[in-house]
Every structure is written in structure tokens, then in C-alpha cells.
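Trainee: okay, sequence plus prediction incoming.
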Amino acid sequence: MPSNQAEWDAKHRLAAEATASEPAGIVRELLPLLPSGPALDIACGTGRNAVFLAGRGQHVTAVDFSGAALDILEVRARGMHFPVSHVKSLHDVHGTHRQGLELLHADLERAHLPAHAFDLILCIQFLQRSLFPQMVRALRPNGVLLLETFTRAQLEFPGGPRNPAYLLEIGELREAFPSLCVLFYRELRAGQGIASLVARKRDKHG
Ligand SMILES: C[S@@+](CC[C@H](N)C(=O)[O-])C[C@H]1O[C@@H](n2cnc3c(N)ncnc32)[C@H](O)[C@@H]1O
């Protein structure tokens, strides 16, 4: 598993030579639970999920620190005739109902997500615990978070992160967002060790 920006760039360039990626299974599987308003794809990579959401007419802000990944995403999105724009900072992102993709090249370790900006936040195969409170804040009322990433159980299987800092503890994700209302939770220890959460922010009255 790459451990820095340059290694991620190299990995994404290699992956781009393969055929276009399908979205994560969980995104396709739980699509009916996912609001179609402005979305944020955290650590989007080459954009398999962002492009899939854009395909249903959703505006997606896609953030990653790999310039190579964002270049590949842009080519794919333009190839599908989706409007693509670039933003320089998360301060310029306020969530919008325009169609298309907004790309942001940024290190999430130094990022501050805008408050009350998104109806949907995706975070797939990426773990940065310091973003958890920001994710909640960045959701609009009734907004939904979909977070799926590896747990320590992944150490029993090939591939995925080996550094415990990038692995969820068993059961951790279920408890990680106490202010959100859990719509779906699953932990797998078969073929891979992975935890998946879909949770909704309460509205002003809930
Ligand atoms: C395993 S990939 C997952 C990509 C995408 N979410 C998906 O499901 O295909 C992890 C991504 O996190 C990005 N990443 C890692 N650390 C980051 C950081 N500090 N800031 C922004 N992106 C980062 C990498 O460039 C890579 O694209």
C-alpha cells in the first residue's frame, strides 16, 4: 500500500492502464439510500465512485492529493461529457446543485471541510480519523455519510493497508459517529476485513 503522494501517483498511473473502474460495490448496492444532492468524495482516487454518482446527474466535489489520480478522473469524466471544474481550496466549495464534477487537489491532513455543504459524503478505502467530526459538520440536515474501509481483520488477508493507523479497530466504525442515525452497518471478515457504515444526520428538529 503506498504511503505518500508520489507512491499514490505512480499507483494511479499504473491502474489507469487497466479498464475503467467500476464503483465500489457498496455504492451501487446502497444507492437508493444515498441522497442525490451535492456530494463530497473524500480521497476520490481516479474517481470510480464520483463518476458513477455524476452519472445520475449528481454534483460531486472530488478531493485527493494525487494529481495523477485527478488527471485520470478528469479525462474519464470529460470522456463521458460531464462538466468538470477545478477549485483551489475547500473554502471555495459550498455545495451546489449544478451537475458535474468539481476537482480539488489537496492534502486532507491539512484540509477543513466546509460546514453544512453536502447532502452526501463518501469516504471509501481511506481512513483519517481527524476528519470524522468535520464530516458530520459538513453534512446538511438529513445528509448521509457512507464510509467503508479496512479493519484490522484485513491483516489476515493479502492486500490493503498494513499500517494499523490506517485500519479501523473491530467495531470502531459502528461507534464512531454517535450523533448520526445509523441506516446500515456491516463488518466483513471473509476474503477481506472491511467495515461499512451509512448514517444520516438528523434534521433541525431531530
Ligand atoms: C485506496 S485509494 C481509494 C480511492 C477511492 N476512494 C476509491 O474507492 O477508489 C486511497 C486514496 O487516498 C488518497 N490519499 C491518501 N492520503 C491522502 C491525503 N492525506 N490527502 C488526500 N488524499 C489522500 C490517495 O491518493 C488515494 O487516491
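Mentor: Received, thanks. Worth saying up front: this structure is predicted, and the values here are computed from it rather than measured.
Trainee: okay, CA-based contacts and neighbour counts for the rest of this
Mentor: Will do.
Trainee: neighbouring contacts of the strand or helix carrying residue 85?
Mentor: Using DSSP states H and E, the element containing residue 85 is strand 84-87. Strand 84-87 is contacted by residues 74, 77, 78, 93, 100, 101, 102, 103, 104 when judged by C-alpha atoms under 8 Å, 6 or more residues apart in numbering.
Trainee: can you give me the helices in this structure?
Mentor: For the chain, the helices defined by DSSP state H occupy 5-16, 25-29, 48-54, 67-79, 132-138, 172-175.
Trainee: before we move on, the earlier item: buried ones among the contacts of strand 84-87?
Mentor: For the contacts of strand 84-87, a burial check counting by 16 or more other C-alpha atoms under 10 Å picks out 74, 77, 93, 100, 101, 102, 103, 104.
Trainee: for the fifth one, name its beta-bridge partners.
Mentor: Residue 101 has the following beta-bridge partners by DSSP bridges: residue 60, residue 84.
Trainee: so what's it scoring on pLDDT?
Mentor: With respect to pLDDT, residue 101 scores 97.
Trainee: turn the helices of the chain into JSON lines, including distance to residue 38 and mean pLDDT.
Mentor: Shown next, in JSON lines, are the helices of the chain (distance: least, C-alpha to C-alpha, whole Å; pLDDT from 0 to 100):
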{"stretch": "helix 5-16", "distance to residue 38": "26", "mean pLDDT": "83"}
{"stretch": "helix 25-29", "distance to residue 38": "16", "mean pLDDT": "97"}
{"stretch": "helix 48-54", "distance to residue 38": "10", "mean pLDDT": "97"}
{"stretch": "helix 67-79", "distance to residue 38": "17", "mean pLDDT": "95"}
{"stretch": "helix 132-138", "distance to residue 38": "11", "mean pLDDT": "97"}
{"stretch": "helix 172-175", "distance to residue 38": "24", "mean pLDDT": "98"}
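Trainee: deepest-packed of those, please.
Mentor: Among these, ranked by average contacts under mean count of other C-alpha atoms under 10 Å, first place goes to helix 48-54 (a mean of 23).
Trainee: now do it: which elements does it pack against?
Mentor: If you count contacts as 3 or more C-alpha pairs under 8 Å, 6 or more residues apart in numbering; DSSP states H and E, helix 48-54 packs onto strand 59-64, helix 67-79, strand 100-105.
Trainee: starting at the chain centroid, how far to that helix?
Mentor: 10 Å (C-alpha atoms, centre = their mean, to the nearest Å).
Trainee: can you name the residues of this structure that neighbour the ligand?
Mentor: Proximity of the chain to the ligand (C-alpha under 6 Å from any ligand atom) is limited to residues 8, 43-45, 48, 64-66, 106-109, 124-126.
Trainee: ok, 5 Å please
Mentor: For the chain, the contact set with the ligand under C-alpha under 5 Å from any ligand atom comprises 8, 43, 44, 45, 64, 65, 66, 107, 108, 109, 124, 125.
Trainee: bridging residues for the spatially most central residue of the chain?
Mentor: Nearest residue to the geometric centre of the chain (C-alpha atoms, centre = their mean): residue 123, 2.7 Å. Listed by DSSP bridges, the beta-bridge partners for residue 123 are residue 42, residue 147.
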